[in-house]
Structure formats: C-alpha cells, structure tokens
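Engineer: build me a structure from this.
(chains A, B, C and D)
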There are 2 protein chains.
Amino acid sequence: MSSATQYQILYNRLKKEILADVYELGSVLPSENELSASANLSRSTVRQALSQLETEGYIVKQKGKGSIVKSKSRALNLLSFQGFSATVGNDHLQTTAIQEPELSTWPADFFFELSELEQGAGCIHFIRVRSIDEQAVMYENTYIPHLNLPKFTRLFKLKTSFFEFLGKTYDIEVVGMDQHIWASIADIEIANQLGLKVGDPVLKIYRKYHTNRPHLFLYSMLFCNTEKYAMSNSSGGVNA
Amino acid sequence: MSSATQYQILYNRLKKEILADVYELGSVLPSENELSASANLSRSTVRQALSQLETEGYIVKQKGKGSIVKSKSRALNLLSFQGFSATVGNDHLQTTAIQEPELSTWPADFFFELSELEQGAGCIHFIRVRSIDEQAVMYENTYIPHLNLPKFTRLFKLKTSFFEFLGKTYDIEVVGMDQHIWASIADIEIANQLGLKVGDPVLKIYRKYHTNRPHLFLYSMLFCNTEKYAMSNSSGGVNA
DNA sequence: CAGTGGTCTAGACCACTTT
DNA sequence: AAGTGGTCTAGACCACTGG
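Structural biologist: Numbering: from 1, shown residues only, chains lettered A, B, ... in the order given. Next comes the predicted model:
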C-alpha cells in the first residue's frame, strides 16, 4: 500500500470498473476532460492512468473518438499457454502441488544474478505442475527471496493463484519480467511429471519477474510440454 | 515518414546513438534536464522519448541516478537472441542465404489462417540461416503475400536486414506480432543447417508480423539452436 | 461544428542517490 | 547539498472523428 499516486488510484478504479462491467466491452470510457474534471486531476495525470490501461490491453485509444474498452485481459501479456484456436480458460486449468513452500538457501548455481540483499534473505521454494484438461503441460519451479513476506509458507496455498495471493496478501504486483528460453530435453523427473519420455523435447524458460516493490524480484524456472499446446503471445500497440 | 514528432525524433536519435555505442552498456544517458536543454524541448517531451526507450528495453531509469543503457535489443521487444551476459551486436551476426526469394503459391497446410486477399496474391518465400560468431543459431523460413510489393524479388538482397529493406523501399514497418513456440526436434535439413544432430532439441517459433499497412502481414517459421544462446526478452516498464 | 485524443510547454514539489 | 527521475498542474495548439 503506502501512498499510492493519483494516477495509480485512477488506474485501479478504472480497471476495477472495467472488470466489473461498469464499462462494457466496446463502449467508451469518459473522455480525458471528463475524468480530469470528475477526479479533480490534470489531464496529464488522467492520461498517465489511461496509458497504463492501454499498455496492459484493457483499452484502445482512438483520436477523435475516445478510450474504448478492449478486453479484460490480465496484465502481463507475455508468453502464456494457448490452445491453437481458443485461449485456455480457468475452467480447464489445474494445479498440482509437487513441493510445498519451504524456506532454504538459494541453489548454488542460480541462473540469475542475485543481490546481496537477496542472498542474505534466503529463499522460499516450491514446485507446481500445471495441467490443461488433465494433460500436464508445465513443471514450475519458483524461488522467492524471503524479504518482508511474513508467514508466507503458512499462508500460501499452492492451489491458489500465486500472483493473486501476492496482491491480496502483501500488495505486491508484477510489473514486468525478463525471460530466457531454450529448447531442452526432459530428464527423468520432468518426463515423469509431464507424461513424457526421457529425452523428449521440452521448452525451458527462466523468468525473473519485476514487482512494484523496488528490490523484490520473483524467479521461475519452467519446463513445458508443447506436444499439444504451444506457448504464445502477442505484442504491439505502440506507445504513450 | 511524414512529419515526425519531437519526442520521436529524440527517441530515434538516442536509439541510434545507443546502437552506435555512443553510450555504452551500463553508462548513463544525459539527464532529462540536460537533454531538455540541449534539444530545446520541455522535460515532459524528453520523458516521452525516454519512456519509449524504456518500454523497448534499451534503458532502465533509476530515481536519483539516471537513465542507464541496458541493452541493444532490437525494436520489437519480443524474443530475440541474446548471449547470457552481453547482447549480440551486429558485428557478430551473419546471414547466409539458403533459398533466394521466389514467387510461388502458399504451402498447403499453412499454420496461420490466410485471408482470401492473401491466398489470391500468392507468396514470396525465402530461407536464411542466421549465425552468431560463425555458429548457426536460427533457420528462418519467411513467407510474404505478394501484395503491392513491386520488384521485391529483384530488389531484396538476403544479406541485408529484411525489416530495414521493407522500411526503406516500401515504407512498411512492423508494429506488432503474434507468435507460437514449441520445443521440437531437428530433422535432417535443420540439423545440417544448424550444426546439430538429427533428434537434437530445437526451438520452433511461428510468427505473424503486423505492419503499418492494414491488411499486410508477414510470416516466419523459425528453428533455433539454443545450445549456446538462449532466446530472451523483457516486458514491462510503465509509461509516459 | 464541437468534442476527442496527441503533442508540447514551463513551471512545481517530492523521494531518492551520490558527493 | 546538488542532481536525478517521479509525479502533478494548468495551460496551449493540433489532427482527427462524429453529427
């Protein structure tokens, strides 16, 4: 929490209203001047809030028309599982716990560089397997520095959405990420968990998530079975 | 082309300077106030240019410090080759022609859905292999609908940058893309071209590029050797 | 034509980093 | 203390969409 900025407050309000269908898909938001007047903010500040909604895919702006509600997509538009035609909805997605969160030291040869702060804090580690319609597609190894996350191991239930939990419990939001991707080969553990044979090709993805807390990063190492489902994403839409 | 805005001009200048090593990796750009003074622009306008550089991954801003040059990643911030530590510069990147551009019909089982317009136009097809320091890393199969691209097969030289060519010759710019990613296995052709053994894992990427021409899309099918170099990208960084 | 978003200016105060 | 980027204001003119 702490002191949120004006544009963040407006951004959150509008996002909430879009998700709550106050503004329906395809309709226009109040104009920048109207928002400026009603929220008692300068137009620049309103534009900053709208800009964030735009880059996250909630709205599209059109000169002369207005800000049009485009989708209720989640924030990060980066490489998620999709079927070839339709997106995989929550109905079809299951999560299985392989290892419950435990506090330990960081792996010796951790791929990403860690700050001294992170090194000293130790890490929380857990493993999940994600499935789509009973088909295991992703083996997910997550590492989190134990920085000011009281009672994490007690509170977090692996079955729930990790990002949602962080938001609701600690006000932590993911604002970006770096990722590295390789084609790799399933070892015995990965093969077992993903229903593959040892030596089958798997997608290996290392991710570093950036959060709204300045020095807090989250790390994931993913192994994906892409036999049936590809990883996919879109980019584009321009800028401020 | 046409009348560029002030912040676009500044953005392009800074990007060019970063790519030309005027500002080295890890160094700081001139401060917003300095740029504002030297370019004779308001600080807001300077911030808009820097903001675009940031969302595209060229710089990172740090309160109290400055704008730090982060990488020379290509414009479209989506999945490009990077070494583990340093970005791969143009000095280290070679292109080999495998098949020169030729006009033909579309493949029978083309992965992406094609419009009637595209179907009727036929396609230009060429194959390149990209290498980093003599190490082949990407087998690139490109398909372009033959829509109002006069003399393409005569004008385009495979050794030159494809996107740059489209921009300079036809004023076509890539503004976004969709991509699908799988872990796959090298067949005899791919293995030969990438210096792998048949059965080695490769990254398979199908891309559909969106351009500034409303109905013009470009298609690529990539096969990547990720033994030494990973594919990587960043997302996030906020806005104006 | 009035209304919209796109660009731009010239200020201001703040929190943060470095010296 | 000086300098940096982050936020915010109150204006202005423009190009574009709609009636």
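Engineer: what's the spacing between the helix or strand A:Glu34 falls within and its chain's center?
Structural biologist: Counting by DSSP states H and E, the element that carries A:Glu34 is helix A:32-38. Helix A:32-38 sits 31 Å away from the centroid of its parent chain (Cα atoms, centre = their mean, to the nearest Å).
Engineer: just stretch A:222-233 next, same as before
Structural biologist: 17 Å.
Engineer: please apply the same query to stretch A:130-142.
Structural biologist: On Cα atoms, centre = their mean, the centre of stretch A:130-142 falls 16 Å from the chain's centre.
Engineer: please enumerate residues in contact with that stretch?
Structural biologist: A:81, A:83, A:88, A:92-96, A:98, A:125-129, A:162, A:190, A:193-195, A:218-226, A:228-229 (Cβ atoms under 8 Å, 6 or more residues apart in numbering or on different chains). Backbone N, C-alpha and C define where each C-beta goes, glycine included.
Engineer: if we can go back for a sec, and the next helix or strand past the helix holding A:Glu34?
Structural biologist: helix A:43-55.
Engineer: chain center to that following helix, what's the gap?
Structural biologist: For helix A:43-55, the distance to the chain centre is 21 Å (Cα atoms, centre = their mean).
Engineer: list the helices and strands the host helix or strand of A:Leu117 packs on?
Structural biologist: Assigned by DSSP H and E, A:Leu117 belongs to helix A:116-121. In terms of contacts (3 or more Cβ pairs under 8 Å, 6 or more residues apart in numbering or on different chains; DSSP states H and E), helix A:116-121 is packed against strand A:135-145.
Engineer: give the buried residues for the strand it packs on.
Structural biologist: A:Ala136, A:Val137, A:Met138, A:Tyr139, A:Glu140, A:Asn141, A:Thr142, A:Tyr143, A:Ile144, A:Pro145 (16 or more other Cβ atoms under 10 Å in any protein chain shown).
Engineer: the last one against A:Gly122, yeah?
Structural biologist: Yes. A:Pro145 is in contact with A:Gly122 according to Cβ atoms under 8 Å; the separation is 7.5 Å.
Engineer: and the next helix or strand past the helix holding A:Leu117?
Structural biologist: Counting by DSSP H and E, what follows helix A:116-121 is strand A:123-132.
Engineer: what's the angle from that next one to strand A:135-145?
Structural biologist: Calculated by axes from the mean of the first three to the mean of the last three Cα atoms, to 10 degrees, strand A:123-132 forms an angle of 160 degrees with strand A:135-145.
Engineer: mean confidence (pLDDT) on strand A:123-132, please.
Structural biologist: Here strand A:123-132 scores 91 as its mean pLDDT.
Engineer: kindly report the residues of chain A close to DNA strand D.
Structural biologist: A:5-8, A:40-45, A:48, A:62-65 (Cβ under 7 Å from any atom of the strand).
Engineer: so which helix or strand of chain A has the lowest pLDDT on average?
Structural biologist: In chain A, no helix or strand scores lower on mean pLDDT, DSSP states H and E than strand A:80-82, which sits at a mean of 49.
Engineer: how about the residues of chain A by DNA strand C?
Structural biologist: Counting by Cβ under 7 Å from any atom of the strand, chain A sits next to DNA strand C at A:28-29, A:31-34, A:43-44, A:47, A:61-67, A:214, A:240.
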